[in-house]
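**Q** Mind looking at a prediction? Sequence and model below.
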Amino acid sequence: MTAMRRISILLALLGLACSPGEDASTAADGTSEPTDGTPTSSNPTTASTPGNDDDDATADGTATPTSDDDDGTDGGGTWPAPQAGADVSISAFAAQHAYYVSADDNQREADVEVEFPAADEGYAAIALEVAVSCPEGGCDFWDRYASIAVVDNPGADDERVIEIARFVTPYRVAGSWSIDVSHLRPLLTGTRTLRLVVDTWVGPGNSEGAGWLVDARFDMTGGVASPRPVAVVPIYTRRVFEVGDPEQPVLDVVPPVSVEIPQGVTGVTLVSLITGHGHGNAENCAEFCQENHGFLLGGQDAIQRTLWREDCNDTPVAGQIGNWSQNRAGWCPGADVLPWIEDIGGSASAGGLLSIEYAVSPYENTCRPNAPSCEGCPLFTSCEYDDASHTPPQVRMSTLLVGWVD
């Protein structure tokens, strides 16, 4: 079966996407603007374009593990159980000021080196405690996409940005979240570089706030989990792509990959962070429309999910001043993004190869600059993007494979 035929099968399944108002599965993240045509803060450039804070697509089509060891096993395909480690709290970012003043004073991204316990120390639970607060001059008026990632080979040509958590800031107020990252213990070992990105476009002196202060801490509880995560393999590092434009094929940014399943594992899960952004497009995509996302495994097993957040009205961050209550494509203002976790053990064999192909439900944005006929603009804009009432329909995604042992 050809690759295009396999993708066609998956797209046919994704074509069953929910229409607005139907029930859908849940996930989360963001950067949001109102849907009533009210202009938002003016951004000096489009925030989410490939090469900004996101990785390029995997070049060779092969996903590789992140372990510093050969494979983490004892050489016989088994994973020795660790000794329970001592409880520990590890600070990653402390009042890190994320802001933007100009191209010469851009503090939207920050790297820090962190020392995690060695791999032979066991941890039954790991919570990433994240908080945002207001700097002098006030919090950013707008909800902003934010991400924390492990960076392999920072600054090198082969740098990899491996996303571990995503959240969206609230409108104009402080907020905090506790994010379970226990499944990422194999990645959180030894010396690691962590990268924080906050997609803010305000800073000191701006009338719409001075940005955000970000704190992030890992609380690690000693013990031996059962089942226990033993391997993390990045499938798709953090990336962003536009949907709805035939001249920008999704496969150019999210190509098929082949992954070697770690030896000796007894379970395999796929963990994805996928959210939709941009508004003023046909169907008000990709922030306010429901799209199906899916993976084709081994050329024959398809999994799919409509990532739609229906609990924004119940967000835990109170007192927001903005359009925070409306449902969105996988995220809410003032909330962490909930990962899509899928058990794929039935499609993967320990030590074997597995092909993984991504697709999103068919959609054409007829309200775009290069549309043959400009139509379907819901906010009465032109087809030109204006960084306010009309922004490109984009998807932000990352996917990891996690191997487990009982």
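**A** Yep, that arrived.
**Q** Distance of Tyr236 relative to Val254?
**A** 6 Å (Cβ to Cβ, to the nearest Å). C-beta here means a position set from N, CA and C on the backbone, and glycine is covered the same way.
**Q** Tell me which of the two has more neighbours.
**A** Per other Cβ atoms under 10 Å, whichever of Tyr236 and Val254 has more neighbours is Tyr236, with 25 against 21.
**Q** so the more buried one sits right up against Met397, yeah?
**A** Yes - taking contacts as Cβ atoms under 8 Å, Tyr236 lies within contact range of Met397: 6.2 Å.
**Q** got any residues that touch both of the two?
**A** Both Tyr236 and Met397 are contacted by Val254, Tyr358, under the criterion Cβ atoms under 8 Å, 6 or more residues apart in numbering.
**Q** Could you report the neighbour count for Gly211?
**A** Counted with other Cβ under 10 Å, Gly211 comes out at 28.
**Q** swap that for Asp314, please
**A** Residues near Asp314, counting by other Cβ under 10 Å, number 9.
**Q** That one and Cys332, how far apart?
**A** Taken as Cβ to Cβ, the span from Asp314 to Cys332 is 9 Å.
**Q** Least confident secondary structure element in this structure?
**A** None of the helices or strands of the chain scores lower by mean pLDDT, DSSP states H and E than helix 3-14, at a mean of 57.
**Q** contact partners of stretch 366-376?
**A** With Cβ under 8 Å, 6+ apart, stretch 366-376 has contacts from 244-245, 247, 280-283, 365, 377-378, 381-385, 390, 392.
**Q** Any of these buried? List them.
**A** Neighbour-count burial (16 or more other Cβ atoms under 10 Å) is assigned, among the contacts of stretch 366-376, to 244-245, 280-283, 365, 377-378, 381, 383, 385, 390, 392.
**Q** Closest to Ala118 out of those residues?
**A** Taking Cβ to Cβ as the measure, Ala118 lies nearest Pro392 of those, at 43.9 Å.
**Q** which residues touch the closest one?
**A** Thr46, Glu242, Gly278, Asn281, Arg368, Tyr385.
**Q** That one: which element?
**A** Counting by DSSP states H and E, there is no helix or strand that carries Pro392.
**Q** Looking at the contacts of stretch 366-376, which are in helices?
**A** Judged by DSSP state H, the contacts of stretch 366-376 include no members of helices.
**Q** How far off centre is stretch 234-250?
**A** 13 Å (Cα atoms, centre = their mean, to the nearest Å).
**Q** per-residue confidence averaged over that stretch?
**A** The average pLDDT within stretch 234-250 is 97.
**Q** Quick check: buried residues in that stretch?
**A** Neighbour-count burial for stretch 234-250 [16+ other Cβ under 10 Å]: 234-245, 250.
**Q** and these, which of them are in helices?
**A** Going by DSSP H, the helices hold none of these.
**Q** Make a markdown table from those and add distance to Asp336 to it.
**A** Converted to a markdown table, these look like this (distance: Cβ to Cβ, whole Å):
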| residue | distance to Asp336 |
| --- | --- |
| Pro234 | 20 |
| Ile235 | 21 |
| Tyr236 | 20 |
| Thr237 | 20 |
| Arg238 | 16 |
| Arg239 | 20 |
| Val240 | 19 |
| Phe241 | 22 |
| Glu242 | 25 |
| Val243 | 23 |
| Gly244 | 27 |
| Asp245 | 30 |
| Val250 | 25 |
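**Q** of all the residues you listed, which comes closest to Ser133?
**A** Arg238 (24.7 Å).
**Q** How far does stretch 156-176 stretch from one end to the other?
**A** 33 Å (Cα to Cα, to the nearest Å).
**Q** ignore the last one, stretch 386-398
**A** Termini of stretch 386-398 sit 27 Å apart (Cα to Cα).
**Q** Beta-bridge partners for the residue nearest to the spatial centre of the chain, please?
**A** Nearest to the mean C-alpha position of the chain, by Cα atoms, centre = their mean, lies Leu273 at 3.8 Å. Beta-bridge pairing of Leu273 under DSSP bridges involves Ser398.
**Q** try Asp215
**A** Ala131.
**Q** Okay then, goodbye and thanks.
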